[in-house]
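1. turn this into a model:
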Amino acid sequence: MRRRVGKLSPELNPPKAPSLPWIITVEGPTAVGKTAFAIALAKAFDTAVVSADARQCYREMRIGVARPSPEELAQVPHFFIADRSLHEPLTAGSFEREALALLADLHREHRVVVVAGGSGLYVQSLLEGLDRFPPVPDHVRSETRALFEHGGLEALQAALKLEDPVYAAQVDLQNPHRLMRALEVCRAAGRPYSSFRLQRLAARPFQTLRFVLQRDREELYRRIETRVDRMMAEGLEAEARGLFALRRLSPLDTVGYRELFQYVEGLFSLEQAVNEIKKNTRRYAKRQQTWLRGQNGLIPVDPDDPAAAIAYLRGHSTVDWPLGPPTP
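-> Okay, the predicted model is just below:
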């Protein structure tokens, strides 16, 4: 059963300095309804939405990343939406730098800014900063990639359990990108990846309140399947064909495009590709939920009831909320 805003405990909101501006994060798994919820909050408080999505920032990727529609984008100002090319990749580190500079500007006009995030690492980089890792030589990257290509996921898992059992017990062992990244750092530095993840959180010039949108699993999975069908009807196959020549670029190693590239290569029928997209999107949503369960201070909310969240922001006695009444 979903937890609603009205059932929340005050201790989820640690006291903050009243002089600082705010950001409200809207987090949750893919297809849960973050876009509409974030827009509702931004409209209520006459502010902007900053996207913390690792793919919606690329102009060439529209349908497959569920970019907000032109009608949605017209309702409130949006940032980090279709603002760069695939040839200018955005990383969590560069997002942290760019978003902090943007927020400094936005907070001059808005006491609160909404951050809508489907990419957990991007949200974390903005709120806490990123751990600083040593540079990884090209030959180490090549060796790690070769290990994956020849031994598969099992080889990465076995190597990481041997070289960094602490991180191996924490990481999603089904995510080859994270496993390779950890192994690269282990081998480049000569010490465990986990030893670099104990650094202090970065100080931030704002206060944060984090909402997490939750749905029953069956409902979320229905929404995922419906959204994939809608994407196909809107032309995802054609979009993927148009990007096929760029398929080696890292941002295109993404659910929805990856499976359709395999279809174009003749490895799947179209029906098989669509079924794979649905299956892999469900798996992605599950990984996102696992990540979110490990985060502190998240406030569960009903995705279909942003009005309750707005009322919570206005009425919660432990929150030093400096705004006037929200716009009706």
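2. report the mean per-residue pLDDT for whichever strand or helix holds residue 167.
-> Secondary-structure assignment from DSSP states H and E places residue 167 in helix 165-168. Throughout helix 165-168, pLDDT has a mean value of 92.
3. one more: stretch 137-146?
-> For stretch 137-146, mean pLDDT rounds to 91.
4. in that stretch, what's buried?
-> 140-141, 144 (16 or more other C-beta atoms under 10 Å). In this view, the C-beta of every residue, glycine as well, is placed from N, C-alpha and C.
5. check stretch 169-187 too.
-> Quick answer for stretch 169-187 (16+ other C-beta under 10 Å): 171, 173, 178-187.
6. quick check, residue 300 in a strand?
-> Yes. Under DSSP: H, G, I helix; E, B strand; the rest coil, residue 300 falls within a strand.
7. neighbours of it, how many?
-> Neighbour count of residue 300, defined by other C-beta atoms under 10 Å: 17.
8. any idea what it is bridged to?
-> Per DSSP bridges, the residues bridged to residue 300 are residue 212.
9. I figured it hits residue 212, correct?
-> Yes. Judged on C-beta atoms under 8 Å, residue 300 makes contact with residue 212 at a distance of 5.7 Å.
10. which residues touch residue 116?
-> By C-beta atoms under 8 Å, 6 or more residues apart in numbering, the contact list for residue 116 reads 25-26, 34-35, 37-38, 49-53.
11. how is this protein divided into domains?
-> 5-130+200-315, 138-196 (automatic domain parsing).
12. quick one: pLDDT of the spatially most central residue of the chain?
-> Centroid check for the chain by C-alpha atoms, centre = their mean gives residue 119 as the closest residue, at 1.1 Å. Residue 119 is assigned a pLDDT of 91 by the prediction.
13. separation between it and residue 285?
-> 13 Å (C-beta to C-beta, to the nearest Å).
14. show me where the stretch 51-200 of the chain has its strands.
-> For the stretch 51-200 of the chain, applying DSSP state E, counting those that start in this stretch gives strands covering 78-79, 112-117.
15. rebuild those strands as TSV, extending it with distance to residue 164.
-> Below are these laid out as TSV (distance: least, C-beta to C-beta, whole Å):
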stretch	distance to residue 164
strand 78-79	36
strand 112-117	27
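16. looking at those, which is buried most?
-> Compared across the strands of the stretch 51-200 of the chain, strand 112-117 shows the largest average neighbour count, a mean of 25 (mean count of other C-beta atoms under 10 Å).
17. worst mean pLDDT among the strands of the stretch 51-200 of the chain?
-> Among those, strand 112-117 scores lowest, with a mean of 95.
18. give the pairing partners of that one; include direction for each.
-> Strand 112-117 is paired, per DSSP bridges, with strand 22-27 (parallel), strand 49-51 (parallel).
19. so which of these is the most packed in?
-> With neighbours defined as mean count of other C-beta under 10 Å, the strands paired with strand 112-117 peak in mean count at strand 49-51, which reaches a mean of 27.
20. tell me what the biggest helix by length in the chain is packed against?
-> In the chain, assigned by DSSP state H, the helix with the most residues is helix 138-163. On a contact count with 3 or more C-beta pairs under 8 Å, 6 or more residues apart in numbering; DSSP states H and E, helix 138-163 meets helix 165-168, helix 176-189.
21. of all the residues in the shortest one, which ones are buried?
-> The neighbour-count check on helix 165-168 (16+ other C-beta under 10 Å) flags 167-168 as buried.
22. residue 196 reaches residue 186, doesn't it?
-> No. Contact criterion C-beta under 8 Å: residue 196 and residue 186 do not qualify, at 9.7 Å.
23. any idea how far residue 288 is from residue 204?
-> Per C-beta to C-beta, residue 288 is found 23 Å from residue 204.
24. compare the two (neighbour count), which wins?
-> Neighbours were counted for residue 288 and for residue 204 using other C-beta under 10 Å; residue 288 has more, 18 against 15.
25. that concludes my questions; thank you for your assistance.
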